[in-house]
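In: predicted structure and sequence below. I'll ask about it afterward.
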Amino acid sequence: MITSTATVSLSELASAATTGPPLLPLLLWKTPPGLEMILRQEGIPFETIHEPHPIVLHRGRFVLFDSQSEESARGIPVGVDQVAIDINTLRNGWANDPFAALIDTQAGLCSWTIAGVSLTERVAAFDKGSIRRALLARLREEVTRLGGLWIRLAVFPYPYRAAFNLRLDLDEPIPTDYHRFADARRPLDDCTTHFVSTAAYGLDESVLTDLKHVDTQSHGHFHVVYRDPASNRRNLERAHDCLIAAGFDPVGFAAPEGRWNPGLDAAIERLGYRYSSDFSVGYDDLPFFPWRGDRFSKVLQVPIHPICEGLFLNAGRDDAASIATHLVKVVRARIDQGEPAFVYGHPERRLARFPEVLAALAREIERYDLLWRTTLTEFSHWWAWRGQRRWSVIARGSGRVEVAFEDWSDSYPLTLEIVRGSHVASLPMVRPRGTLQLDGLSFERATARVDLPTPSAVRPPFSLKAAVRSAIDWETITPVEELDDSSPCLLLKKTLRRVRDRWKSKVYIK
């Protein structure tokens, strides 16, 4: 249900009567959590209505509801001078419910064809970034068609127009490789974040000393993610204690092999970490809080591009030029999308032996004047701060709107973006309240985008062996004496590991 079909210009909108509710925030009436997720990513102010109290309803002109939900469609709280928008219309043309896909936390194998080879990785089952962009484009068109304005907080602090980070996962204890890599990394030191497996480097003073000059966070102790929540908790707490003892202050985590599960998230929450970065729950997207079934996680996910140099090597493509070309193309595409250009790799046996890749990335980011060279830790801090802002937009007539922040803070300089179709006007927000003269805005067309390869789902044939391995959470990284045996599955795993180790030792003796 849409209560109006009028289309107005920016000037006509701002010249309207000022007696109605504010143009923003948007009011959400029993809508799916996926909508809240993408509005928070977009930087659009919104409020969730729990009780249709008149004071609450007067805070926004546009009330969003979902006719697919009987609860939402019943008793839509729309008052005088308000407009109701049915977000169910945004589902038209999708094979799956896009709002359900946004909060899905399943992962699956996907394949990309790049540089003539097929690269395979386990990533989020849905490309949530693409879904977000498509849904918000439709909603933005509907809101502006009905007389609203689409004003958002920019993805980056003022005056930045882009951001870059190189994430490094330190998995294996090869100090010579690390130091060789660190020498090539120097031009990028200020925009790297290192996730350290403390079983690999927790006692290596030379590596830990060098890491104190760069952003360093946790990759767990053993390089494995368990299905068992208690095992995850022990693994993360052990790594945390090692890093604290070495003089670090860990607030971030990256799951080995990018693997996320609710038990792992609970362990990260328990430690009070600010963020994690796991491409099995989201990639090539803006940061978001995963949905935990009945609430959003307290741990921010900072997505990265999931294709690293290791996938090329696994596919038999071991030339640095192919790897560098792809990563540079990713950086350009993400910057052209106006989103963070966050890529990742591994020093040991990989980037340490391909310094040309690091040099290519350093040259590429030098091309951009307003690029924020940031760490994932600093970016997560900015993103959490950005998401805490509460503000509104009120039409004041005569081609003007007023923007007002309720909880002004100058921790970061803000940029407001007024979006009209494919054009955007950007303005710094330097005080808690300001008036915009819409007729005088200078709009820019979005930069042409570089298309990236689209992943295809890989559905391997059923394997009983694989099913059993999954059921008992089989892995050979954790030393057998440290495996838990508090449940039948864990006991079976530990027993099989002992049998395997005995068999291997006999083979080696022979």
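Out: All right, it came through fine.

In: distance of Ser422 from Ala360?
Out: Taking CB to CB, to the nearest Å as the measure, Ser422 falls 31 Å from Ala360. C-beta coordinates here come from the backbone N, C-alpha and C atoms, glycine included.

In: more neighbours, those two?
Out: The residue with more neighbours, out of Ser422 and Ala360, is Ala360; 18 against 10, by other CB atoms under 10 Å.

In: how is the protein partitioned into domains?
Out: 10-103+129-150+389-444, 162-369, 464-509 (automatic domain parsing).

In: which of the ones you listed is buried the deepest?
Out: Counting by mean count of other CB atoms under 10 Å, domain 162-369 has the highest mean neighbour count of these, with a mean of 20.

In: what's the end-to-end length of it?
Out: 9 Å (CA to CA, to the nearest Å).

In: off-centre distance for it?
Out: The chain centre lies 13 Å from the centre of domain 162-369; the measure is CA atoms, centre = their mean, to the nearest Å.

In: what does stretch 467-484 give?
Out: For stretch 467-484, the distance to the chain centre is 29 Å (CA atoms, centre = their mean).

In: so for it, mean pLDDT?
Out: For stretch 467-484, the mean pLDDT works out to 87.

In: would you list the phi and psi of Ser118?
Out: phi -100, psi 120 (degrees, to the nearest 10).

In: that one and Leu109 touch, don't they?
Out: No - Ser118 is beyond contact range of Leu109, at 11.3 Å (criterion: CB atoms under 8 Å).

In: just to revisit the earlier point, ok, which of the domains of the chain comes nearest Asp451?
Out: With CB to CB as the criterion, Asp451 lies closest to domain 162-369 of those, at 7.3 Å.

In: what about the longest helix in this structure?
Out: Criterion DSSP state H: the longest helix present in the chain is helix 488-509.

In: distance of the nearest residue to Leu351 once chain neighbours are set aside relative to Pro455?
Out: Using CB to CB, 6 or more residues apart in numbering and skipping the chain neighbours, the partner closest in space to Leu351 is Gly345 (4.8 Å). According to CB to CB, Gly345 and Pro455 sit 19 Å apart.

In: for Pro290, what are its contacts?
Out: Residues in contact with Pro290, defined by CB atoms under 8 Å, 6 or more residues apart in numbering, are 103, 105, 260, 265, 281-282, 296-297, 299, 301.

In: so how far is Gly263 from the residue nearest to Arg500 when sequence neighbours are not counted?
Out: Counting by CB to CB, 6+ apart, Thr476 is the residue found nearest to Arg500 once chain neighbours are left out, at 7.5 Å. Remark: distance between Thr476 and Gly263 (CB to CB) = 20 Å.

In: and what of Thr435?
Out: 50 Å.

In: show the subsequent helix or strand relative to the helix or strand where Arg238 lies.
Out: In this structure, Arg238 sits in helix 229-245 according to DSSP states H and E. Sequence-wise, the next helix or strand downstream of helix 229-245 (DSSP H and E) is strand 252-253.

In: and that following strand, what does it pack onto?
Out: The contact analysis (3 or more CB pairs under 8 Å, 6 or more residues apart in numbering; DSSP states H and E) places strand 252-253 against strand 192-196, strand 215-218, strand 275-276, helix 376-387.

In: want to try CSV for the ones you listed, with distance to Leu208 and mean pLDDT as columns?
Out: As requested, the helices and strands packed on strand 252-253 are exported to CSV (distance: least, CB to CB, whole Å; pLDDT from 0 to 100):
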stretch, distance to Leu208, mean pLDDT
strand 192-196, 8, 98
strand 215-218, 8, 98
strand 275-276, 22, 98
helix 376-387, 17, 98
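
In: turn the ones you listed into CSV, including distance to Arg350.
Out: As requested, those are exported to CSV (distance: least, CB to CB, whole Å):
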stretch, distance to Arg350
strand 192-196, 14
strand 215-218, 19
strand 275-276, 22
helix 376-387, 19
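
In: quick one: which of those is nearest Val63?
Out: Short answer: helix 376-387, nearest of the helices and strands packed on strand 252-253 by CB to CB, at 22.0 Å.

In: next one: that closest one to chain centre, how far?
Out: 11 Å.

In: and for stretch 420-433?
Out: Distance of stretch 420-433 from the chain centroid (CA atoms, centre = their mean) equals 23 Å.

In: tell me the contacts of Cys489?
Out: Applying CB under 8 Å, 6+ apart to Cys489 gives the contacts 471-473.

In: and the domains of the chain, which one is worst for confidence?
Out: domain 464-509 (a mean of 83).

In: sorry, back to before: surely the residue nearest to Leu351 and Leu166 touch.
Out: Yes - using CB under 8 Å, Gly345 is in contact with Leu166, at 7.1 Å.
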